[in-house]
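1. Sequence and predicted structure below; questions after.
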Amino acid sequence: MISSRHTAGALIVSLMMGALVVNLPACAVGPNFKRPAAPTATDYGSAPVQGETVSADVAAGNAQHFIAAMDIPGQWWTLFQSPKLDHVVEQALKANPDVGAAQAALRQAHELYLAQWTGFFPTVQGNFSADRAKNALGSIANPTSLPQTNPYYNLYTAQLTVSYLPDVWGATRRQVEIAKAQAESTRFQLEATYLTLSSNVVVTVVQEASLRGQIAATLRALELQHQLTEFVQKQRLLGTASDLEILAQQSLEAQTAQTLPPLQKQLGQTRDALTALLGRLPADEPEETFRLDELALPADIPASVPSKLIEQRPDVRQAEENMHMASAAVGVAIADMLPQFAITGDIGSSALKLQQLFTPYTGFWNVGASLTQTLFDSGALLHKKRAADAALDQAAAQYRAAVILACQNVADSLRALQSDADALKASAAAERAAKQTLDFARQQRLLGTISLVAVLNAEQSYVQAELSLVQAQANRFADTAGLFQSLGGGWWNRTKEMPRYEQFSPARE
């Protein structure tokens, strides 16, 4: 009997291996996914992909050169040449909880992909049971085939069950394809998280620097206006200025002072936002502070063409993998409509005494195969297949929308940089003219050749011109960061693995 059991086990294994071998070369039903064709456009309309911007003789006023063939470094924020900026970006990538969530989602997707792979192999389950039973004394046959001296008996059974679903129509392969595409989609979602976070940190730093510049300009204006107020008060004592002129100057000084608290409030809120991006509570804000003159404006700017852009944008690549999943799901829906095959086998031993297990004449085995075909389900499988087709159409439309949005983002950023350079040049000229006008007006007022109203107007114009100059400088930095973000951020050139999020790890039993 032992040899018979060995023969049975060999038979079961042979059937399973044969099914695996037959299964490998089989084709999978449904469409085979093909990557969408790249856009044929070679530019972004009138948005520049070559050439350079105008320059201005102020901080952040250097010309920027658009280079279509230029690649993007993996750590693109280092192009702003600020060690403090580099440090806070690295801290954010290490401690922001959004990064931790995205990294965990990727690990989950990878494990689910590996789990889906197991569908190619048989499932083997071991089972042991022990039963205590009593025979009916009046039965015409004793189930134990023993003299009816004791109606009570024990029954011990140990067995292995092997089951296998041959992937005849490729449903398992399509499920693995879905799981792999899901893992890739999650990977690009993680890259998008890195890109969005680093861009938000840079833009927030620029905003902080801009607000500090505006506050400094406002304080300089207040100091200047306070000096003018004292000058007018002295002239009033001399009888060369009226009370109305004093009140006008004091009113202008108060109006300027009124703009300071909102700027300080925005600065505080910006610091809070930066602290949150670093994965910290408000009480633990970073030591680093930022000013515009500490940042360098990148001179060479990439302007990738659309056909290259779709390879770089994480959201476009994610949309592509979503379409891949939808394509494979159509194959699964088709396979579900076809006959389903199964192979099962059992081998084991059953005895009335535990020590008799696996002795001669206690073994048993069985091998079986089944085929199941749904004959009537009111059209449920057909409607599921049509739903899968619709989901594929939806994913294709969403992919095209992602491509259009990506190209729009780049075009907007390129136009913004060109306009920012023009605006900064104009703001610099306006600030110089306003400063010269104010200086000349103050000199003329000392000579008594112009009214105080003219000085006040020149003073107000200078304050606005200085604030506009600071904002124009900040716009160039922020929009440069926006261009790097819209181009994908250079994740493909990353030379080292991103830091793993370990700021908070829930306890596990």
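-> Perfect, thanks for sending it.
2. Show me where this protein dips below the pLDDT cut-off.
-> Within the chain, the segments meeting pLDDT under 70 span 1-26, 138-149, 501-509.
3. which residues of it fall in strands?
-> Taking DSSP state E as the criterion, the chain carries its strands at 51-52, 65-67, 123-134, 152-164, 300-302, 340-351, 363-372.
4. and Arg439, how many neighbours?
-> You called it Arg, but residue 439 is Asp. The number of residues packed near Asp439 is 12, by other C-beta atoms under 10 Å. All C-beta spots, glycine's among them, are computed from the backbone N, C-alpha and C.
5. let me fix that: Ala221
-> With neighbours defined by other C-beta under 10 Å, the count for Ala221 comes to 23.
6. ok, now Gln418?
-> Here the neighbour count serves as a burial measure; for Gln418 (other C-beta under 10 Å) it reads 20.
7. For Gln103, find the nearest of the strands of the chain.
-> With C-beta to C-beta as the measure, strand 300-302 is the member of these nearest Gln103 (27.4 Å).
8. For my notes, please list the strands of the chain in a markdown table and give distance to Leu438 and mean neighbour count for each entry.
-> Compiled in a markdown table, the strands of the chain are given as follows (distance: least, C-beta to C-beta, whole Å; neighbours: other C-beta atoms under 10 Å):
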| stretch | distance to Leu438 | mean neighbour count |
| --- | --- | --- |
| strand 51-52 | 33 | 14 |
| strand 65-67 | 36 | 17 |
| strand 123-134 | 85 | 10 |
| strand 152-164 | 88 | 16 |
| strand 300-302 | 36 | 19 |
| strand 340-351 | 86 | 18 |
| strand 363-372 | 90 | 13 |
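9. I'd like the ones you listed as CSV, with distance to Gly490 appended.
-> Putting these into CSV (distance: least, C-beta to C-beta, whole Å) gives the following:
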stretch, distance to Gly490
strand 51-52, 21
strand 65-67, 14
strand 123-134, 45
strand 152-164, 47
strand 300-302, 9
strand 340-351, 48
strand 363-372, 52
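10. Among those strands, which comes closest to Gln266?
-> Shortest distance between Gln266 and those, using C-beta to C-beta, is found for strand 300-302: 28.4 Å.
11. mind listing the helices for this protein?
-> Secondary structure of the chain (DSSP state H): helices at 2-23, 83-95, 97-117, 171-238, 243-258, 260-277, 306-312, 314-336, 380-447, 452-486.
12. who are the neighbours in contact with Ser327?
-> If you count contacts by C-beta atoms under 8 Å, 6 or more residues apart in numbering, Ser327 has them with Gly30, Pro31, Asn32, Phe33, Leu392, Ala395.
13. measure it to Ala183 for me?
-> In this structure, Ser327 lies at 16 Å from Ala183, with C-beta to C-beta, to the nearest Å as the measure.
14. For the closest residue to Ala115 other than its chain neighbours, give me its contacts.
-> Take Ala115 and drop its neighbours on the chain: the residue closest to it by C-beta to C-beta, 6 or more residues apart in numbering is Ala179, 7.8 Å away. Applying C-beta under 8 Å, 6+ apart, we find Ala179 in contact with Ala109, Leu112, Tyr113, Ala115, Gln116, Trp117.
15. Could you double-check that Ala209 lies in contact with Leu274?
-> No: here Ala209 lies out of contact with Leu274, judged by C-beta atoms under 8 Å, at a distance of 11.2 Å.
16. neighbour count winner among these two?
-> Counting neighbours by other C-beta under 10 Å for Ala209 and for Leu274 shows that Ala209 has the greater number, 25 against 22.
17. Now do the same contact list for that one.
-> Phe290, Arg291, Leu292, Glu294, Leu295, Ala474, Phe477.
18. same thing with Ala428?
-> Ala56, Asp57, Val58, Gly61, Leu469, Ala472.
19. from these, which would you call buried?
-> Burial by neighbour count, 16 or more other C-beta atoms under 10 Å: within the contacts of Ala428 this picks out Ala56, Val58, Gly61, Leu469, Ala472.
20. nearest to Ser163, of those residues?
-> Taking C-beta to C-beta as the measure, Ser163 sits nearest to Ala472 out of those, at 71.0 Å.
21. how close does that closest one get to Glu466?
-> Counting by C-beta to C-beta - Ala472 and Glu466 are separated by 11 Å.
22. Pro306: how many residues sit nearby?
-> Pro306 has 20 neighbouring residues, counting by other C-beta under 10 Å.
23. and what of the one 4 residues further on?
-> Here the number of neighbours of Ile310 (other C-beta under 10 Å) works out to 24.
24. Go ahead and confirm it touches Val316.
-> Yes: under the criterion of C-beta under 8 Å, Ile310 lies in contact with Val316, with a separation of 4.9 Å.
25. got a list of what Ile215 touches?
-> Contacts of Ile215 (C-beta under 8 Å, 6+ apart): Leu260, Leu263, Gln264, Leu267.
26. Report the separation between it and Val470.
-> 9 Å.
27. Show the contacting residues for Glu294.
-> Contact partners of Glu294, counting by C-beta under 8 Å, 6+ apart, are Ser82, Lys84, Ala209.
28. Can I get stretch 49-61 in PDB, CA atoms only?
-> Only the C-alpha atoms of stretch 49-61 are listed here, as PDB (Å, rounded to 0.1, in the frame of the first residue of the first chain):
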ATOM      1  CA  VAL A  49      11.700  76.400 -26.200                       C
ATOM      2  CA  GLN A  50      14.900  78.100 -27.500                       C
ATOM      3  CA  GLY A  51      16.300  81.600 -27.000                       C
ATOM      4  CA  GLU A  52      16.600  83.700 -23.800                       C
ATOM      5  CA  THR A  53      14.800  86.200 -21.700                       C
ATOM      6  CA  VAL A  54      15.700  89.900 -21.200                       C
ATOM      7  CA  SER A  55      18.000  90.900 -18.400                       C
ATOM      8  CA  ALA A  56      17.900  93.600 -15.800                       C
ATOM      9  CA  ASP A  57      20.600  95.100 -13.700                       C
ATOM     10  CA  VAL A  58      19.200  94.000 -10.300                       C
ATOM     11  CA  ALA A  59      19.300  90.900  -8.200                       C
ATOM     12  CA  ALA A  60      17.600  87.900 -10.000                       C
ATOM     13  CA  GLY A  61      17.800  90.000 -13.100                       C
END
